[in-house]
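*Asks:* from the sequence below, what's the structure:
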Amino acid sequence: MKRILGVLLCMAVLISTFAGCSSGKESSGTSDSSVTQQTLDPNKKIELKMWTMLTTNACMTNMNNQLAEFTKKYPNITVKLEPMTFDNVYARLMTAVQGNSLPDVLDCIEGHVAFLQSKNAIVPVDNLIDDLGGKSAFTQKYLQWASKDDKTWALPDWSLHQEVWYRTDLYKKYGLSIPKTWDELAQNAKKLNIDSNNDGKTDVYGMAIPLGRNMVAQQTYSQFLYSAGVNIFDPATGKYAFGDNKAMAVKAMDAMIKIYKESSPSGSIDWTWTDFRTAMVKGTVAQTNEWGAIIAQAKEQNPQMLDNLSCFPMPGPEGAPKGSCGGTYYMCVTKSTSDRQLASELLLKFLFQKDMLAQRANTRPVYALPTMTAAFNSDTYNSDDMVKKFSKEIKDIYIKVLPTEERNGFEHGLNTAASEIESSNIMGDAIQNVLLKGWSTTKAVDWLDQQLQSIINK
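*Replies:* Residues are numbered from 1 along each chain as shown. As a prediction, the model looks like this:
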């Protein structure tokens, strides 16, 4: 995740660089719609290129196995899989567009889909969605984020999610209940500041509030914003909405900073994902806002901790949250000749069978959830040992969290400004100016509003 930084910082430059570019790929014989109703010549050999950002050993091994199964079914089609890391993905996309060498299929995140769609480099996948059971077969938010001009431009693969992960043993020991409001969350956190050695020093902090300037602060703050119903763009109209909700944005920042000052290590102002996950797994914080990746980390580094972990949705200011901050990975098909495009769409239809989708999610259990109901309910997905152990938490996330998720700037669908907003680090700057330079939260939110409008207008 740390490597996302270098990628996102390139986004604003790249958008400008490609302002006049098309995909550069040969588009003869294609259209802006799926070609899966056509017939592929069984005698024509096709080698597809696929780039993936899911590069762990488990992910790559699983994907190569799935591609081998695909080739057995379609022996005239082979697929060359190439990993692409967060630190070079946009540079590779830039080179590929300029050099007429985009891969046929990409496994990527929202910002890349938005970027490629704005360059007329990918095709809609609505016919594929119909073939896979229609939009109702997927978690709706992820289709919305990939939609523009009444078309859907990518298939959502993995669901990502944030909620508060906490120590059940400490909640029980101190008689705490699941918080229903921001104030209750802050009270719980304060009670969980523990001096276990009786030496006058806190050695377990009540709640990690990670505020690393690059992306982490934005994700932490966005969880408070979305729980209060504050969006950057109106999900229904697409109009800029943050400026109309500055009063609540100030309250959200106040609530977050209150917990940081009272119950989070002071050094967490610079914490990234690794820092707060490690602190949680080692037991030096009692709870944190997190994506579920601590499960795999705890399994590897401190298996005993697994029996003491559970989660709940981030509460809203006065009750049930209105939303949460999330994300997903997507697969998209680039524009090409009709036979290559058809072969690519056949590949996606194969990969989005319920068991294939479930297998990919199981390479990162709890952190990744299947985006399709059939895969989520499948025996394949539910056979994983961590999925079994955290089945209650996963079902709660699937029912209570995923349907309410938003992604900064994508609330109304694909939007190239969203990637520039994320890469700008303006939320991290606003928060750190409050903590380090004495800004009021009102000043920080006013400045943030100005920066957002500047990016959008540009």
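*Asks:* residues contacting the strand or helix carrying residue 343, please?
*Replies:* Taking DSSP states H and E as the definition, one finds residue 343 inside helix 338-351. Contacting residues not belonging to helix 338-351 are listed as 29-30, 34-36, 38, 40-41, 44, 46, 48, 50, 66, 69-70, 73-74, 77, 79, 104-105, 123, 125, 127-128, 131-132, 155, 331, 333-336, 356-357, 360 [CB atoms under 8 Å, 6 or more residues apart in numbering]. Any C-beta I mention is one placed from the backbone N, CA and C, and that applies to glycine too.
*Asks:* and those residues, which of them are in helices?
*Replies:* Secondary structure assignment (DSSP state H) places 66, 69, 70, 73, 127, 128, 131, 356, 357, 360 from those within helices.
*Asks:* residues near the closest residue to the fourth one other than its chain neighbours, how many?
*Replies:* Distance criterion CB to CB, 6 or more residues apart in numbering; nearest residue to residue 73, sequence neighbours excluded, is residue 350 at 6.8 Å. Residues near residue 350, counting by other CB atoms under 10 Å, number 17.
*Asks:* pLDDT at residue 350, what is it?
*Replies:* The predicted local distance difference test score for residue 350 is 97.
*Asks:* hmm, residue 248 is touching residue 230, no?
*Replies:* Yes - contact criterion CB atoms under 8 Å: residue 248 and residue 230 qualify, at 5.3 Å.
*Asks:* the domain parsing of this protein - what is it?
*Replies:* Under automatic domain parsing, the residue ranges defining each domain of the chain are 4-161+327-406, 163-325+425-457.
*Asks:* just checking, what packs against the helix or strand where residue 117 lies?
*Replies:* With elements delineated by DSSP H and E, residue 117 resides in helix 110-118, which encompasses its position. Identification of packing neighbours for helix 110-118 by 3 or more CB pairs under 8 Å, 6 or more residues apart in numbering; DSSP states H and E yields helix 11-17, helix 89-98, strand 327-333, helix 416-424.
*Asks:* that helix to strand 327-333, inter-axis angle?
*Replies:* Between the direction of helix 110-118 and that of strand 327-333, the angle (axes from the mean of the first three to the mean of the last three CA atoms, to 10 degrees) works out to 30 degrees.
*Asks:* name the SS class of residue 196, please.
*Replies:* Judged by DSSP: H, G, I helix; E, B strand; the rest coil, the three-state class of residue 196 is coil.
*Asks:* pick out the shakiest of the domains of the chain, pLDDT-wise.
*Replies:* domain 4-161+327-406 (a mean of 86).
*Asks:* neighbours of residue 78, how many?
*Replies:* Residues within reach of residue 78, counting by other CB under 10 Å, total 15.
*Asks:* now do the buried residues in stretch 228-247.
*Replies:* Buried residues in stretch 228-247, counting neighbours by 16 or more other CB atoms under 10 Å, are found at 228, 229, 230, 231, 232, 233, 240, 241, 242, 245.
*Asks:* can you map out the strands along the stretch 301-450 of the chain?
*Replies:* Using DSSP state E, counting those that start in this stretch, the strands assigned to the stretch 301-450 of the chain run over residues 309-312, 324-325, 327-333, 369-370, 405-406.
*Asks:* mean neighbour count added to these, as JSON lines?
*Replies:* Output for those, formatted as JSON lines (neighbours: other CB atoms under 10 Å):
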{"stretch": "strand 309-312", "mean neighbour count": "22"}
{"stretch": "strand 324-325", "mean neighbour count": "25"}
{"stretch": "strand 327-333", "mean neighbour count": "24"}
{"stretch": "strand 369-370", "mean neighbour count": "26"}
{"stretch": "strand 405-406", "mean neighbour count": "24"}
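*Asks:* can you check which of these gets nearest to residue 273?
*Replies:* If you check each of the strands of the stretch 301-450 of the chain against residue 273 by CB to CB, strand 327-333 wins as the nearest, at 12.7 Å.
*Asks:* from residue 50, how far out is residue 104?
*Replies:* Using CB to CB, to the nearest Å, one gets 7 Å for the distance from residue 104 to residue 50.
*Asks:* the more surrounded of these two?
*Replies:* With neighbours defined as other CB under 10 Å, residue 104 and residue 50 compare such that residue 104 has more, 23 against 19.
*Asks:* please report how far the more buried one lies from residue 119.
*Replies:* From residue 104 over to residue 119 the distance is 16 Å, taken as CB to CB.
*Asks:* any chance of JSON lines for the domains of the chain, columns distance to residue 414?
*Replies:* Listed next are the domains of the chain as JSON lines, based on distance: least, CB to CB, whole Å:
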{"stretch": "domain 4-161+327-406", "distance to residue 414": "4"}
{"stretch": "domain 163-325+425-457", "distance to residue 414": "11"}
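*Asks:* show me what the helix or strand hosting residue 274 is in contact with.
*Replies:* Taking DSSP H and E as the criterion, residue 274 maps to helix 273-282. For helix 273-282, contacts defined as CB under 8 Å, 6+ apart pick out 1-2, 165, 205, 208, 210, 212, 216, 265, 268, 271, 285, 287-288, 290-291, 293-294, 297-298, 301-302, 305.
*Asks:* just want the most central residue of the protein.
*Replies:* Taking CA atoms, centre = their mean as the criterion, residue 327 is the residue nearest the geometric centre of the chain, at 2.4 Å.
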